[in-house]
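Enquirer: Here's a sequence, model it:
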Amino acid sequence: MTSQPQLSTTPAEASEAALRATPAALAAQVGTTTTELIEPALAAPPTPSAWGWWQRFGSPRPKPLFLGFLGSLLLAFGGLGAGGVLVHDPILEGTPLAAWRFGHGYDLAVMVVYLGLGLEVWAWMLLGRDVLAKRAGARAVLTTSALWLLPMLVTPPLFTRDVFSYLAQGTMPLRGFDPYGGGPDVLSGPVLDNVHWFWQDTPAPYGPLFILIAKGIAAVTGDNMIAGVLLMRLAMLVGLALFVASLPGLVRHLGGRLPVTLWIAVANPVMVVHLVGGPHNDLLLVGLLSMGSLLVLNRKHAAGIGLVTLAMAVKASAGVALPFLVLVWAARLTGPQRTRIIKATAAGVGVFLPVFAACTLAAKVGLGWLPALNAPAMIVNWLSLSTGAGELVYNIVSWAIGGLSKTPFISVTRVIGGIILLTVGVRQWLASRAAGGPDAVRRAGVVLLLVALLSPATLPWYYTWGMALLAGIAWSARQMQVVIFVSVFLVIAAFPDGEVSLYAFGYLLLVMAGALVAAIALVKPDPLRLRSRPVPQPATDG
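Expert: Model prediction:
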C-alpha cells in the first residue's frame with residue numbers, strides 16, 4: 001500500500017488537491033447527484049469493544065460473518081451437482097454423491113445453491129447496515145469477506161463454464177495450435193469435452209499475458225480438469241490481492257470511505273460468486289487496473305501505466321483507462337496543456353510498447369487476438385443495452401409485420417451504441433484534460449461502465465471493470481441500495497450451470513423481488529412490515 005503523494009505548488013497540482021478535497025464537486029462533474037454524498041447511519045447503540053485476537057480481525061459482527069459463510073458453504077455444496085460440473089467427474093462418479101447431478105438430486109442441488117445465494121445476499125445486506133452505522137470498520141469487512149470467499153476456492157465453477165475454455169486455450173499452444181487461429185475443437189479428450197458447445201469453435205479473445213498464464217497452468221495440470229480449475233482460481237487470486245491492496249489508496253484520492261468501498265467491491269456477491277467462484281480472468285484485470293491507477297495517482301506514472309498495460313494484455317477493455325491515466329501524468333508536467341499531453345502520451349507509449357511486446361514474445365503468439373475480439377459479439381442477449389434495444393425494436397416491428405430477420409435490427413442498434421460510446425468516451429476524456437488526477441480516474445471508471453453497458457455483447461462480470469475504479473468514490477445509502485439490487489441481478493443473469501437466464505422472465509421477476517426486499521432492508525429493518533410493533537426508522541448521520 002503506497003502513501004498519498006505530497007502536493008506540489010504547480011497550478012495543475014493545486015487543482016488536483018482541490019478535487020481530492022471535494023468529492024462532491026467531482027461527482028457533479030460526471031453527472032452523479034450530490035444531494036446524498038453524506039452517508040446516513042442506521043440508529044443503533046455502539047458496539048462494545050472486543051479484545052484479544054478477535055479485535056485483531058476488526059471485531060466483525062458474528063451474524064453477517066457466519067450467515068454469509070453458511071451461504072458460501074451451501075453454494076459450494078450445491079455447486080457439486082448444479083454448477084459447471086465436469087462431463088465425467090472422477091471424484092463423484094461411482095459414489096452416492098453422483099445422484100446429486102441427476103434427476104431429483106439435481107433439482108435439490110439447485111435449491112441448495114439458491115438457498116446459499118439468498119443467505120449470502122442477506123448477510124451482505126446486514127454487513128451493509130453495520131457499515132452505514134459505523135459498527136463495522138474496514139478490517140471487519142475484509143475479515144468477513146475473506147471467510148465468505150474461503151469455500152469458493154474449492155467449489156466447482158459457479159454460474160459459468162468459462163474456466164474450461166481458459167484451460168483449452170492454454171492447452172492449444174502446447175499441442176501446436178494457435179489459440180487465435182481457431183477454437184478448442186481441434187483438441188480432444190476431457191479438455192474439449194468440458195468446453196461449452198457455444199465456444200468450441202471460437203478463437204481466444206484474450207490477450208497474450210492471459211494466454212501465457214493459461215498455457216503455464218495447462219502444462220502443469222494436463223487433462224486433470226479439477227486441478228486445472230483450482231490452479232486457475234489461485235492464479236486469479238493475484239488480481240484479488242492487488243485489488244484489495246489498492247483500495248485504501250484509491251479511497252484517499254477519490255474521497256470515499258474504506259469500509260463502504262470494501263463492502264461494495266470485495267464483499268459483493270458478484271465478487272464472491274462470479275469472479276472467485278467462477279472463476280473469471282476479469283479478476284486479474286481488475287487487480288492490475290486498480291493498482292496501476294493508484295500508482296499513477298501516486299506519481300509512479302511509468303509503473304502504473306505498465307500495470308494497466310498488463311491488464312490490457314489480459315483483456316483489451318482495460319486499455320480504455322490508458323488515455324485517462326496519460327492525462328494524470330500530463331497534469332503534473334510544465335508548459336502549455338497541449339505540450340504536456342503530447343509529452344505524457346509519448347512517455348506512456350514508451351512504456352506500453354515494450355511491456356506489451358514482452359508479453360507477446362513470452363506467450364509466443366502474434367496479434368491474432370485483435371480480430372478475435374469480436375468473438376463475444378456472437379452473444380445475443382439484452383444485458384447489452386444496444387443489443388437489447390435491437391431485440392425490442394425487432395419484436396415490436398415483427399409483431400406488426402412478421403417474417404423479418406432479427407440480425408439487421410441488432411446490427412443497427414449495435415452501431416448506434418458504438419457511436420454513443422465513442423462520443424461519450426471522447427467527451428469524458430476532453431473534460432479530464434484540465435484537472436487530471438482523481439477526476440481523470442473517476443471518468444475512466446464511468447467510461448469503463450459504459451463499455452460494459454453499450455458493447456455489442458455483455459456478460460455480468462464485465463461491470464466490475466468500471467467498479468474497480470468507482471468503488472473508491474463517496475457513496476450514499478440510496479446508491480448502496482442500487483448496488484444491492486443490480487449486483488443480485490448480475491449474479492442471477494445466468495443459471496448455476498452457466499446457461500443464460502435472461503429470457504426466463506418469471507424466474508427473473510421472482511429473484512429480483514427478493515433483491516428489492518434486500519435493497520430496502522438496508523435502511524429499513526422491517527421492509528415487509530411483518531412485525532406487530534412499529535419499527536423506528538433509521539436516523540441519518542449529518
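Enquirer: Next, count neighbours for Gly183.
Expert: 22 (other CB atoms under 10 Å). The C-beta positions use only the backbone N, C-alpha and C, and glycine is treated the same way.
Enquirer: Could you do the one 5 residues further on as well?
Expert: For Ser188, the tally of surrounding residues (other CB under 10 Å) stands at 11.
Enquirer: Give me the pLDDT value at it.
Expert: Note for Ser188: predicted pLDDT of 88.
Enquirer: now Ala375
Expert: Note for Ala375: predicted pLDDT of 65.
Enquirer: Tell me how many other residues surround Pro336.
Expert: If we define neighbours as other CB under 10 Å, then Pro336 has 8 of them.
Enquirer: likewise the one 4 residues further on?
Expert: Residues contacting Arg340 under the criterion other CB under 10 Å number 21.
Enquirer: So it belongs to a strand, correct?
Expert: No - if the criterion is DSSP: H, G, I helix; E, B strand; the rest coil, then Arg340 is helix and not within a strand.
Enquirer: For it, give me its contacts.
Expert: 330-331, 333-334 (CB atoms under 8 Å, 6 or more residues apart in numbering).
Enquirer: change it to 6 Å
Expert: The neighbours of Arg340, taking CB atoms under 6 Å, 6 or more residues apart in numbering as the test, are 330, 333.
Enquirer: quick one: Gln337 from Ser432, how far?
Expert: Distance of Gln337 to Ser432, computed by CB to CB, to the nearest Å: 12 Å.
Enquirer: do Trp53 as well
Expert: 46 Å.
Enquirer: returning to that earlier point: quick one, which of Gln337 and Ser432 is more surrounded?
Expert: Per other CB under 10 Å, whichever of Gln337 and Ser432 has more neighbours is Ser432, with 26 against 14.
Enquirer: Tell me the backbone dihedrals of Thr95, please.
Expert: Dihedral pair for Thr95: phi -120, psi 160, per degrees, to the nearest 10.
Enquirer: Tell me, how many residues neighbour it?
Expert: Thr95 has 10 neighbours, counted by other CB under 10 Å.
Enquirer: Next: the one 3 residues further on.
Expert: By other CB under 10 Å, 15 other residues sit near Ala98.
Enquirer: got the contact list for it?
Expert: Leu92.
Enquirer: Could you rerun that using 8 Å?
Expert: If you count contacts by CB under 8 Å, 6+ apart, Ala98 has them with 89, 92.
Enquirer: That one - that's part of a strand, no?
Expert: No - Ala98: not assigned to a strand; according to three-state DSSP it is helix.
Enquirer: ok, it to Ala82 distance?
Expert: 14 Å.
Enquirer: Check Lys315 too.
Expert: For Lys315, the distance to Ala82 - CB to CB - is 28 Å.
Enquirer: What is the least confident helix or strand in the protein?
Expert: Each helix and strand of the chain was given a mean pLDDT (mean pLDDT, DSSP states H and E); the minimum falls on helix 23-29 at a mean of 40.
Enquirer: What is the subsequent helix or strand relative to that helix?
Expert: helix 53-56 (DSSP states H and E).
Enquirer: Just give me the neighbour total for the closest residue to Trp199 other than its chain neighbours.
Expert: Excluding the flanking residues, the one nearest Trp199 by CB to CB, 6 or more residues apart in numbering is Ser165, at 5.0 Å. The number of residues packed near Ser165 is 24, by other CB under 10 Å.
Enquirer: what about Ser165, which helix or strand?
Expert: helix 162-174.
Enquirer: list the helices and strands that helix packs on?
Expert: helix 190-193, helix 208-221, helix 225-254 (3 or more CB pairs under 8 Å, 6 or more residues apart in numbering; DSSP states H and E).
Enquirer: Tell me which of the ones you listed lies nearest to Leu67.
Expert: Nearest to Leu67, of all these, is helix 225-254, at 22.0 Å by CB to CB.
Enquirer: the inter-axis angle of the closest one versus helix 208-221?
Expert: Helix 225-254 and helix 208-221 are oriented at 150 degrees to each other (axes from the mean of the first three to the mean of the last three CA atoms, to 10 degrees).
Enquirer: Name the residues of helix 225-254 that are buried.
Expert: 225, 228-233, 235-237, 239-240, 242-244, 246-254 (16 or more other CB atoms under 10 Å).
Enquirer: Show the subsequent helix or strand relative to that helix.
Expert: helix 258-265.
Enquirer: Show me how far that following helix is from its chain's centre.
Expert: Centroid separation between helix 258-265 and its chain, computed with CA atoms, centre = their mean, to the nearest Å, is 14 Å.
Enquirer: Quick check: mean pLDDT of it?
Expert: In the prediction, helix 258-265 has an average pLDDT of 97.
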